[in-house]
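Q: kindly return the folded structure for what I paste below:
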Amino acid sequence: MRSVLVRLATALGAVAQICCGAEVAFAEGDAAAHVLFFTGTDIWRNGLFSHAGFLWAYRGLNEDGPVFKVLLNTGLYRYSSGTTEITGQQLMGAALPGWRWNRPGFELTVFTGLDVQDHRFSPNDPGNRLRGTHAGLRGGFDLWYEPLQNGMVTAAASLSTVGSSYWTRAAAGWRLLDVWLGPEVIACGDDTYRQFRFGAHVTSLRMLGYEWSAGAGWVTDSDRRDGVYGRIGLLFRR
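A: Purely as a prediction, here's the structure:
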């Protein structure tokens, strides 16, 4: 039986790649910051996930140098096993050392490290190979590039050996009233499942001392379960 854990968890990117990639806009006055904290929630018709974590940069977020990312994720999702509807719960944590390059209008972070996931099902689904606790490797990157004064492109990817899952995202944006607006595309899945999302995002909305982002659009998958998705996230630097 295919695991919907992989179907939905990869839709989140196994966590926070949206927040640590697409939402890392350049901000004046953050030159002394060393830690980027992030959190967010993602929802669609068959799942609800929340994540949180931080990225620590040894030399500062605006400098080249080593970084360390911690990701935490939890969520609920549902799927059918024969005629039985299964509710699954996922917990995930990852510790990811990496390196960050920073230039005016350009940021690239690469990382790889330990990925630990725990999966529980109600009622129990003994045919789901991800039942229980698993450890593996996770790797990926976050890219932000501003080729134009008021234009940006961003890309991110995350891959894990747990479930052979993958997540990729690409987006573009135009600066309007100090926020970024534009389209986003997300593709994710594993060796038995594929999901595609197309929507719009707003990024780097500054309010109450935080940077907010949101996205919404249409999702389709290889199980023919089309619908809408939505996400919201925030971050701040210290």
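
Q: make it CA atoms for all contacts and neighbour counts henceforth
A: Noted.

Q: helix or strand: which one has His134?
A: strand 132-148 (DSSP states H and E).

Q: just checking: what are the partner strands of that strand?
A: strand 106-122 (antiparallel), strand 151-160 (antiparallel) (DSSP bridges).

Q: report how many residues lie close to Thr84.
A: 10 (other C-alpha atoms under 10 Å).

Q: need the contact list for Arg131.
A: Each residue near Arg131 by C-alpha atoms under 8 Å, 6 or more residues apart in numbering is listed here: 118-121, 125.

Q: Gly182 against Leu176, yeah?
A: No - taking contacts as C-alpha atoms under 8 Å, Gly182 lies outside contact range of Leu176: 10.2 Å.

Q: who has more neighbours, these two?
A: Comparing Gly182 with Leu176 by other C-alpha under 10 Å, the one with more neighbours is Gly182, at 18 against 11.

Q: mind telling me what element that one is part of?
A: Gly182 is part of strand 179-189, with elements assigned from DSSP H and E.

Q: give me the sheet partners of that strand and which way each runs.
A: In the sheet, strand 179-189 lines up against strand 165-176 (antiparallel), strand 194-207 (antiparallel) (DSSP bridges).

Q: what are the contacting residues of that strand?
A: Taking C-alpha under 8 Å, 6+ apart as the rule, strand 179-189 contacts 6-7, 10-11, 13, 165-175, 194-205.

Q: what bridges to Ala170?
A: Ala155, Val185.

Q: what sits against it?
A: 153-156, 184-186.

Q: from Thr154, how far off is it?
A: Distance, Ala170 to Thr154, by C-alpha to C-alpha, to the nearest Å: 6 Å.

Q: could you do Asn124 as well?
A: As judged by C-alpha to C-alpha, Asn124 and Thr154 stand 40 Å apart.

Q: among the two, which residue is more densely surrounded?
A: More crowded of Asn124 and Thr154, by other C-alpha under 10 Å: Thr154, with 24 against 12.
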